[in-house]
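Novice: need coordinates for the below:
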Amino acid sequence: MSNEVLNSLLKEYEQKKLNAELDLERRKQNLYKLIPRLEEIDDELNNFAINTAKSILINSSDSSTLDNLKQKISDLKKEKELILLQNNYNLDYLKPFYSCKYCNDTGFILDNNYKTNMCNCLKQKLLDISFNKSNMSNLEKENFNNFNELIFSDEVDLSKYKFNISPRKNISNIKNKCINFVNNFDDSNYKNLLFVGSTGLR
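Specialist: Predicted coordinates:
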């Protein structure tokens with residue numbers, strides 16, 4: 001997969017993330033107009049967060065002040081949740097609605113060792129693009145289950161077909177080899193398949 005395709009997808013992710021955050025801001029402002037107390041709580045929470053950080057830096061040994069701030073933050077969060085529930089809003093209503101809850105529309109996640117890994121949602125998009133470029137987008141119809149051997153002749157004619165078996169038997173052997181290849185695809189010791197013939201033959 002080229003860097004150009006990946007960069008294009010990452011720009012798409014960046015836009016999705018921005019859209020989710022803009023949508024949150026719109027919902028938040030509308031809710032503030034309906035329930036002004038929610039805006040007051042958010043303002044207080046922001047102030048307490050700043051005061052907590054200052055308290056840690058200045059009075060690192062004063063645990064009572066820090067505990068008091070943490071308790072006030074906890075109380076405000078509970079009040080906020082109660083207001084949302086009383087007004088029939090989901091507790092996640094004032095959070096961004098990201099398309100992917102694992103990477104928050106960034107395309108990447110941190111593992112337990114704080115290592116950045118590509119999220120499965122981005123991997124799937126890259127796979128879909130590769131899949132579409134491979135001209136295999138109609139697998140629901142074109143697959144082994146729908147393969148019809150009966151359209152091939154059951155006639156054995158060495159001079160005509162260059163085989164001492166019928167085309168039907170031949171295509172059946174080819175199908176079985178293909179299925180066997182797919183079933184052993186992860187086996188590095190298994191041989192590859194090579195299809196040869198004039199253009200349009202199948």
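
Novice: centre-most residue in this protein?
Specialist: C121 (1.6 Å; Cα atoms, centre = their mean).

Novice: so that residue sits in a strand?
Specialist: No. The assignment for C121, made by DSSP: H, G, I helix; E, B strand; the rest coil, is helix rather than a strand.

Novice: what pLDDT does N68 get?
Specialist: As predicted, N68 sits at a pLDDT of 80.

Novice: sorry, wrong one. I was asking about N132.
Specialist: Reading off the model, N132 has pLDDT 73.

Novice: okay, it and C178: tell me how far apart.
Specialist: 22 Å (Cβ to Cβ, to the nearest Å). Where you see a C-beta, it was placed from the backbone N, CA and C, and this is true even at glycine.

Novice: who has more neighbours, these two?
Specialist: Taking other Cβ atoms under 10 Å, N132 and C178 do not tie; C178 has more neighbours (14 against 10).

Novice: which ones are touching the nearest residue to the more buried one once chain neighbours are set aside?
Specialist: Closest residue to C178 apart from its sequence neighbours, by Cβ to Cβ, 6 or more residues apart in numbering: L193 at 6.9 Å. The contact partners of L193, taken as Cβ atoms under 8 Å, 6 or more residues apart in numbering, are K177, C178, F181.

Novice: which of those lies closest to E149?
Specialist: C178 (12.7 Å; Cβ to Cβ).

Novice: give me the contact list for the helix-or-strand element of the chain with minimal mean pLDDT.
Specialist: Every helix and strand in the chain was compared by mean pLDDT, DSSP states H and E; the lowest is helix 158-161, with a mean of 81. For helix 158-161, contacts defined as Cβ under 8 Å, 6+ apart pick out N164, P167, N170.

Novice: right, and the last one touches F163 too?
Specialist: Yes. Contact status for N170 versus F163: in contact at 5.6 Å, counting by Cβ atoms under 8 Å.

Novice: could you list the buried residues of the lengthiest helix in the chain?
Specialist: Criterion DSSP state H: the longest helix present in the chain is helix 3-34. Within helix 3-34, the residues scored as buried using 16 or more other Cβ atoms under 10 Å are L6, L9, Y13, K16, K17, A20, L24, R27, L31.
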